[in-house]
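K.L.:
Provided below for reference: sequence and predicted model.
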Protein chains: 4
Amino acid sequence: MFIREEKMTTFTKTEYMAKKFSDKQMHILDVAEELIAQKGFEGTSVRDISTKANINVAMISYYFGSKEKMMASLYQYRVLKTRENFSEFADTIKNGKPEMQMKEMIKYIVNQLFKYNYFHGFVTQELRHTESLKDELMEFYQLFVRKLDEVIKKGVTTGVFTFTPKAEDLLTTVIGSTLFVIRNKNFYELYVPHKDAESYQKEAEKKVKMNLLMSVFALLGYASE
Amino acid sequence: MFIREEKMTTFTKTEYMAKKFSDKQMHILDVAEELIAQKGFEGTSVRDISTKANINVAMISYYFGSKEKMMASLYQYRVLKTRENFSEFADTIKNGKPEMQMKEMIKYIVNQLFKYNYFHGFVTQELRHTESLKDELMEFYQLFVRKLDEVIKKGVTTGVFTFTPKAEDLLTTVIGSTLFVIRNKNFYELYVPHKDAESYQKEAEKKVKMNLLMSVFALLGYASE
Amino acid sequence: MFIREEKMTTFTKTEYMAKKFSDKQMHILDVAEELIAQKGFEGTSVRDISTKANINVAMISYYFGSKEKMMASLYQYRVLKTRENFSEFADTIKNGKPEMQMKEMIKYIVNQLFKYNYFHGFVTQELRHTESLKDELMEFYQLFVRKLDEVIKKGVTTGVFTFTPKAEDLLTTVIGSTLFVIRNKNFYELYVPHKDAESYQKEAEKKVKMNLLMSVFALLGYASE
Amino acid sequence: MFIREEKMTTFTKTEYMAKKFSDKQMHILDVAEELIAQKGFEGTSVRDISTKANINVAMISYYFGSKEKMMASLYQYRVLKTRENFSEFADTIKNGKPEMQMKEMIKYIVNQLFKYNYFHGFVTQELRHTESLKDELMEFYQLFVRKLDEVIKKGVTTGVFTFTPKAEDLLTTVIGSTLFVIRNKNFYELYVPHKDAESYQKEAEKKVKMNLLMSVFALLGYASE
DNA sequence: CATGAATGAGGGTTCATTCAT
DNA sequence: AATGAATGAACCCTCATTCAT
């Protein structure tokens, strides 16, 4: 049987993904991701997922062993994809000045969160026995922290930044504020001029980015122009 | 029958509460709150609640109509209690200087979140048909925004603050950062020196407060001492 | 909830039973007993049982906790009833001569097995983690062994029996032979003249009793006058 | 397709087997037999079998049509093998004296049962639509009965046996008692001195043989020595 | 006013089997 | 001739809720 033998062969999306998930599995994970984002893990039944994914109910157990293991896979899947994405991004800014790097990083993080926000923090609340999973996300956060720290130090060295706030605190503020905005749409939209739901999304993202840039650069004691 | 007639009678705890919830209901809500904080809404069964509250299973339906309606009540209950609490707090700082008021407000908010964090944001993810509920929380957030705005304006007027960041952005940063720290313990504890789980809680709270004070006062252009 | 609180109150059938099972439970057990006798434990679904017992599927879990625990209850129930029945029987022969006692015991055992045969030995084959259950049946068998032993000894003492075969071997032969006849109807009926299925049952019981009486008394070296 | 055309081809093990089962089928049956002996028919899944037999899950359906039909084949297979084995055995005693023949037959039957006990009687309990299968076993039992009858008659004729118990009753006692011992290990081991699980098996077999020899020869009125 | 028994719907999972290859 | 992916039915169990008392 598929799962028991842990045999996973075909791969197409990317070389990296291929090592872990088949196309069918990725399809299921994509669907599951969307539903879980909306209704939570316990609120999403395997029947919901299988219906939306146009597969048989049994397939979730078949492909992942159980619903909970599917969740673990989804987790890894998302971390994998995000990490991959980040390393691509990191390349694009590696030659810039610290202030530009910092600015781009903040914009990048907010950007990503607006796309995959549901995913951050949901493990903490819903899954049990998932220490190893959390570790993966933690490693990922630490990647950000290291990168931020690097930029801060460089900026201070080159004299463009005055203070050295803790990188983990910057990250906390950036991710935390963004997630709050995303998850409290009803609140934030009161302060964001917008015509419709779609334009709100764009304007909210712009506003939170501005806020965070202000915050972070203020903390860094950055003397603009 | 009880629910259908929406008959709610006795009241003792406080005049304010009394208008909405009986003692029994409040007892159930207190228990439910604790469990839901731990295991989420879907993860908490009415049997869990009734067992822990030493009441019959049927009572949740009996008193609130359904589990979901109980949740709505819990929501209102928490908003009511928090609002009440906040108005008490507001009194204690009403005569202070703006910088003190700002500092105390940040500390207060972080404090409350460490106690009742589960509650913020869970509606978005888990409950349906809850627009009216969200409104209550929104009103509450706006209360904060107004107060913050008031303090900012006063500080700018008296010359102690240089800039006028948006109050909603300050609140976003404060609540967002705090919730992130609470919900990503595994991450944040890497940067918080602590001996045990209990001491962590205290240290984490201290660190996030410090971070937020720095952030906010930097944004305000506050020239300390 | 019923099961979790282990609260069982009403009792009617007999004082003894009452301590353990409610009427509803006994009804379910009676139905389950019949079905399991026909199709085995794994072959009988809780739906089969609930349908036949005219109750909701959920009731099996509700009353017993799980299907497996229901099985355990059935086991105890049967042992309880059998033990009770046996002690009544034992009274009726307590003043007889050894040869009469032996004869009556054999007839009694065969009799009971024709009624409740399915029950003997099914635990061994189908249930796991049931050591304590087996113990109950074992104690029950030992009750027989002790009684048989007592009769043998008395018979030898009074000179009516010549040999002293082991009581456990007698019991083995009696129970084993009877169960074999019951469970291999297709075989035994070849040698039992009978008109229809009902008359067969009677004739088979008669034949196996005769066979066992001959065997046992031969082993005892009983010189029938 | 294979099954539907009832096409069974190669044969190697023995001429007799060859008529019915291919090597692959026999391999599957051997594995299935072992598992079913341990866990029962319903307790054994086709996956268990296919895994242990190192074949694809689909093969059971492929080779036998269904799990139930596989069971029927297993049944025939076992009867065939046993019958074959018995005819070999019968040869070895065909020239002996009746008392020796009787003794050897009893020992032989007990022996075989200790090896293939699971198989006797399980059809009654677990399989449906198996009248034809039972017939095969019945024929087999009748083979024993005829042989026993022959020996009894010969013994009576030669004067070594005094009585003429019914052969079917002897067989009933022999098989029944043995199966009871095997299936009620927990009971019988109380009376069998043994050091470990393995030695028990041997000692139990010895004890039941002794018991049966005593019983049968007592019934036959055999004057030993 | 409150209860405990009972319900039906739906939960995740396993099963024997089928089907395209 | 044989496989592995996929299926749908059935499994046991838990759920929130209802109802008679």
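P.N.:
Sure, I can see it.
K.L.:
Give me the residue ranges of chain A where confidence is low.
P.N.:
A:1-19, A:117-134, A:223-225 (pLDDT under 70).
K.L.:
which residues in it form helices?
P.N.:
For chain A, the helices defined by DSSP state H occupy A:2-5, A:15-18, A:23-39, A:46-52, A:58-64, A:67-93, A:98-116, A:122-126, A:131-157, A:167-183, A:185-188, A:197-220.
K.L.:
show me the contacts for the residue lying closest to residue A:205 once chain neighbours are set aside.
P.N.:
Leaving aside its chain neighbours, residue A:205 sits nearest to residue A:114 (5.4 Å; criterion: Cβ to Cβ, 6 or more residues apart in numbering or on different chains). Every residue, glycine included, has its C-beta placed from N, CA and C. Shown in contact with residue A:114 (Cβ atoms under 8 Å, 6 or more residues apart in numbering or on different chains): A:178, A:182, A:201, A:205.
K.L.:
how's chain A carved up into domains?
P.N.:
Structural domains annotated on chain A: A:9-74, A:96-225, as defined by automatic domain parsing.
K.L.:
Is chain D within reach of the shortest one?
P.N.:
By that I understand domain A:9-74. No - judged by Cβ under 8 Å from any Cβ of the partner chain, domain A:9-74 stays clear of chain D, getting no closer than 12.1 Å.
K.L.:
Is any residue of that domain near chain B?
P.N.:
Yes - Domain A:9-74 is in contact with chain B by Cβ under 8 Å from any Cβ, via A:39, A:40, A:41, A:42, A:43.
K.L.:
picking up where we left off before, got CSV for the contacts of residue A:114, with distance to DNA strand F and neighbour count too?
P.N.:
CSV is the format used below for these (distance: Cβ to the nearest atom of the strand, whole Å; neighbours: other Cβ atoms under 10 Å in any protein chain shown):
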residue, distance to DNA strand F, neighbour count
A:178, 32, 28
A:182, 28, 22
A:201, 33, 16
A:205, 36, 19
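K.L.:
Taking those together, which two end up most distant?
P.N.:
Spanning the widest gap among the contacts of residue A:114 are A:178 and A:201, at 12.6 Å by Cβ to Cβ.
K.L.:
one step back: quickly compare the helices of chain A and say which is most buried.
P.N.:
Across the helices of chain A, averaging neighbours per residue (mean count of other Cβ atoms under 10 Å in any protein chain shown) puts helix A:167-183 on top, at a mean of 25.
K.L.:
which strands and helices sit next to that helix?
P.N.:
Helix A:167-183 is packed against helix A:98-116, helix A:131-157, helix A:197-220, helix B:167-183, helix B:185-188, helix B:197-220, with contacts defined by 3 or more Cβ pairs under 8 Å, 6 or more residues apart in numbering or on different chains; DSSP states H and E.
K.L.:
Quick check: residue A:73 touching residue A:32?
P.N.:
No - using Cβ atoms under 8 Å, residue A:73 and residue A:32 do not qualify as a contacting pair, with a distance of 9.0 Å.
K.L.:
and the spatially closest residue to residue A:47 that is not a sequence neighbour, what is it in contact with?
P.N.:
Nearest residue to residue A:47, sequence neighbours excluded (Cβ to Cβ, 6+ apart): residue A:57, at 5.5 Å. By Cβ under 8 Å, 6+ apart, the residues touching residue A:57 are A:46, A:47, A:50.
K.L.:
Looking at those, spot the one nearest residue D:218.
P.N.:
Proximity to residue D:218 was ranked across the contacts of residue A:57 by Cβ to Cβ; first place goes to residue A:46, at 65.3 Å.
K.L.:
gap between the residue nearest to the closest one when sequence neighbours are not counted and residue A:23?
P.N.:
Sequence neighbours aside, residue A:60 is the residue nearest to residue A:46 in space, at 4.6 Å (criterion: Cβ to Cβ, 6+ apart). From residue A:60 over to residue A:23 the distance is 16 Å, taken as Cβ to Cβ, to the nearest Å.
K.L.:
Likewise for residue A:155?
P.N.:
To residue A:23, residue A:155 is 44 Å away according to Cβ to Cβ.
K.L.:
With residue A:45 instead?
P.N.:
Distance from residue A:45 to residue A:23, by Cβ to Cβ: 24 Å.
K.L.:
Then residue A:85?
P.N.:
Separation of residue A:85 from residue A:23 (Cβ to Cβ): 19 Å.
K.L.:
Tell me how many other residues crowd residue A:55.
P.N.:
17 (other Cβ atoms under 10 Å in any protein chain shown).
K.L.:
wouldn't it be in contact with residue A:28 here?
P.N.:
Yes - Residue A:55 lies in contact with residue A:28 (Cβ under 8 Å); the separation is 6.8 Å.
K.L.:
if I pick the residue nearest to residue A:176 when sequence neighbours are not counted, what's in contact with it?
P.N.:
Closest residue to residue A:176 apart from its sequence neighbours, by Cβ to Cβ, 6+ apart: residue B:180 at 3.2 Å. By Cβ under 8 Å, 6+ apart, the contact list for residue B:180 reads A:121, A:172, A:175, A:176, A:179.
K.L.:
closest to chain D among those?
P.N.:
Nearest to chain D, judged by Cβ to the nearest Cβ, of the contacts of residue B:180 is residue A:121 at 38.6 Å.
K.L.:
hang on, the earlier thing: select, out of the domains of chain A, the one closest to residue D:141.
P.N.:
domain A:9-74 (43.5 Å).
K.L.:
close to DNA strand E, is stretch A:46-56?
P.N.:
Yes - for stretch A:46-56 and DNA strand E, the contact criterion (Cβ under 7 Å from any atom of the strand) is met by A:46, A:47, A:48.
K.L.:
next one: that stretch to chain centre, how far?
P.N.:
Centre-to-centre, stretch A:46-56 and its host chain are 25 Å apart (Cα atoms, centre = their mean, to the nearest Å).
K.L.:
do stretch A:29-45 as well
P.N.:
In terms of Cα atoms, centre = their mean, the gap separating the centre of stretch A:29-45 from the centre of its chain is 16 Å.
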